[in-house]
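Compute the structure for the input listed below.
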Amino acid sequence: MMNVDMHDKDEPTVEATLAVLSQALGKASEDLCAVRSAIDLARVDMASHNGSHTRDVIRDAERVVEQLRKTDESLSDVLDHLRNAD
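Numbers count the residues shown, from 1 in each chain. Down below sits the predicted model:
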């Protein structure tokens, strides 16, 4: 009989983790498409009305770009590990 540590039972499997990641990516994809459309509309509106916005928009946008870059790197790491697992 195999001795199984109780701690191992609480650890997620790779398959379960990838399923959660896939769901999160699907939701994020939908959200990002919606936000992109809203941002593009705001940009057109700003260009036609020469509106002013606070520096907060710049700070927040830069933060988002940095987090998206980190997310992209993390997703690349996941794909590399999956490719190298074979």
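
How is the protein partitioned into domains?
16-52, 54-86 (automatic domain parsing).

need the ones you listed in JSON lines with mean pLDDT and distance to Asp10, can you?
C-beta coordinates here come from the backbone N, C-alpha and C atoms, glycine included. Shown next, in JSON lines, are the domains of the chain (pLDDT from 0 to 100; distance: least, CB to CB, whole Å):
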{"stretch": "domain 16-52", "mean pLDDT": "91", "distance to Asp10": "12"}
{"stretch": "domain 54-86", "mean pLDDT": "94", "distance to Asp10": "22"}
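
Go through those and name the closest to Lys9.
Nearest to Lys9 among these is domain 16-52; the distance by CB to CB comes to 12.6 Å.

Can you pull up the most central residue in the protein?
Thr71 (5.3 Å; CA atoms, centre = their mean).

now that residue: how far from Ser29?
Distance, Thr71 to Ser29, using CB to CB, to the nearest Å: 12 Å.

cool, Asp45 as well?
Counting by CB to CB, the gap from Asp45 to Ser29 is 25 Å.

Turn the domains of the chain into a markdown table, including distance to Lys9.
Converted to a markdown table, these look like this (distance: least, CB to CB, whole Å):
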| stretch | distance to Lys9 |
| --- | --- |
| domain 16-52 | 13 |
| domain 54-86 | 22 |
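
Can you check which helix is longest in the chain?
The longest helix of the chain (DSSP state H) is helix 14-49.

which strands and helices sit next to that helix?
Where contact means 3 or more CB pairs under 8 Å, 6 or more residues apart in numbering; DSSP states H and E, helix 14-49 is not packed against any helix or strand.

residues in contact with stretch 12-22?
Val78 (CB atoms under 8 Å, 6 or more residues apart in numbering).
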